[in-house]
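**Q** no letters, just coordinates:
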C-alpha cells in the first residue's frame, strides 16, 4: 500500500470542511481532482470511506478510522519536516496557526513582526472559533491557536495570556436600556439576544456567566460574523455583548455601547498542547508573543 501524505492531508481537509466544494477551495484543487484522490484512497484501502450525500460528507466506519490515524500521521510528518527545516536555521518551514475571525485585526502586528523576522516560514492560518481551534490542536492539526479564555480543555494546554478588553452591551440607540450607565444580567433577562456561534469561546463564556447570575439568555439568533451581529442589533433582532475592539470596528451611529456591571473582560491568549513539543517555528512565535 502506497498512499502519499498529500492524499491524507486532502482527505482530512474534506473531513474537516464536510464539503467537497469548501475542501477543493481550501486545497486549490478542482472538485473532480479531489474526488479522484478520494476514490484512489478507497481503491488502495479496498474500503468505502464516505457515504455520498448531496447535503454533506458522512464518514463510514473505515473513514473514521482513517481520519483518526491520518491526523497522527500528518501531524508527525509535519513535525519531522519542521525539525529538518530547523537544521537550516529557521529559514524555511511552516507554522499552522488557528485564529478566531474577530481577532484578526488585534493580532496583526504580531503576525507582521513574525513574518519580518522569519520571511521563509509559511504562516498557514485557519479561521476557527475558540472551541474549533482547541479541537484542531488536540487533533494535531494546528501548532498554536489564539483563543479567548477560559479554554474548554484548559488542562490540556499551555497558555500565554496576551490582552484583556472590556465586553460591552451593544444596543439600538433608542433601546429602553440605552440611557443606563451600565447594564446587569438582570437587565438582559428575557430580552432577545444575538450571540456568537457555539463554536466561539465567547458564546460559551457569556452563557456560563449569565447562568451563574440566574439568567438564561433568550437567544434570538447566532452568527460567526461580528459585522452581521451588529447589523442584527441595529435592526432590533436583539441585543448583544461584544468585545470593545469589535464595537469600535462596527462604528454605527445607530448603536450605543454600555459597560456590564460588574465589568466583564475578553481575555485573549495563545495556547498549545502540553503533551507535544513545539515545532521550532511555533517556539519562535511564542517567544515573540512573550515580548
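**A** Sure, I can see it. Remember, predicted model here, so these are calculated numbers, not experimental data.
**Q** what are the boundaries of the strands in the chain?
**A** 50-51, 58-59, 93-99, 121-127, 144-148, 157-172, 182-183, 192-196, 218-223, 240-243, 255-260, 265-273 (DSSP state E).
**Q** pLDDT averaged over the longest one - what is it?
**A** The average pLDDT within strand 157-172 is 95.
**Q** in its sheet, what does that strand sit against?
**A** The strands beside strand 157-172 in its sheet (DSSP bridges) come out as strand 240-243 (antiparallel), strand 255-260 (antiparallel), strand 265-273 (antiparallel).
**Q** that strand: which residues count as buried?
**A** 157, 159, 160, 162, 165, 167, 168, 169, 170, 171, 172 (16 or more other C-beta atoms under 10 Å). All C-beta spots, glycine's among them, are computed from the backbone N, C-alpha and C.
**Q** let me have these in CSV, adding distance to residue 282 as columns.
**A** Converted to CSV, those look like this (distance: C-beta to C-beta, whole Å):
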residue, distance to residue 282
157, 13
159, 14
160, 11
162, 15
165, 25
167, 29
168, 33
169, 37
170, 35
171, 41
172, 43
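**Q** how about residue 31, nearest residue that isn't a chain neighbour?
**A** In this structure, residue 31 finds its nearest non-sequential neighbour in residue 24, 4.7 Å apart by C-beta to C-beta, 6 or more residues apart in numbering.
**Q** if we can go back for a sec, can you put the strands of the chain in CSV and add distance to residue 77?
**A** Output for those, formatted as CSV (distance: least, C-beta to C-beta, whole Å):
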stretch, distance to residue 77
strand 50-51, 23
strand 58-59, 21
strand 93-99, 11
strand 121-127, 14
strand 144-148, 18
strand 157-172, 23
strand 182-183, 50
strand 192-196, 34
strand 218-223, 36
strand 240-243, 37
strand 255-260, 46
strand 265-273, 17
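**Q** indicate which one of the ones you listed is closest to residue 80.
**A** Proximity to residue 80, assessed across the strands of the chain by C-beta to C-beta, is greatest for strand 93-99 (11.5 Å).
**Q** how big is the angle separating that closest one from strand 121-127?
**A** 20 degrees (axes from the mean of the first three to the mean of the last three C-alpha atoms, to 10 degrees).
**Q** who does strand 93-99 pair up with?
**A** strand 121-127 (parallel), strand 144-148 (parallel).
**Q** just name the most buried of those strands.
**A** strand 144-148 (a mean of 26; mean count of other C-beta atoms under 10 Å).
**Q** quick one: the helices in the protein?
**A** All helices of the chain, identified by DSSP state H, fall at 5-17, 20-27, 31-45, 61-86, 104-117, 130-138, 185-188, 201-212, 226-234, 244-250, 280-290.
**Q** out of those, flag the one nearest residue 273.
**A** Per C-beta to C-beta, nearest to residue 273 of the helices of the chain: helix 130-138, 5.6 Å.
**Q** quick one on the thing from earlier: okay if I get the strands paired with strand 93-99 as TSV plus distance to residue 84 and mean pLDDT?
**A** Below are the strands paired with strand 93-99 laid out as TSV (distance: least, C-beta to C-beta, whole Å; pLDDT from 0 to 100):
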stretch	distance to residue 84	mean pLDDT
strand 121-127	14	90
strand 144-148	20	93
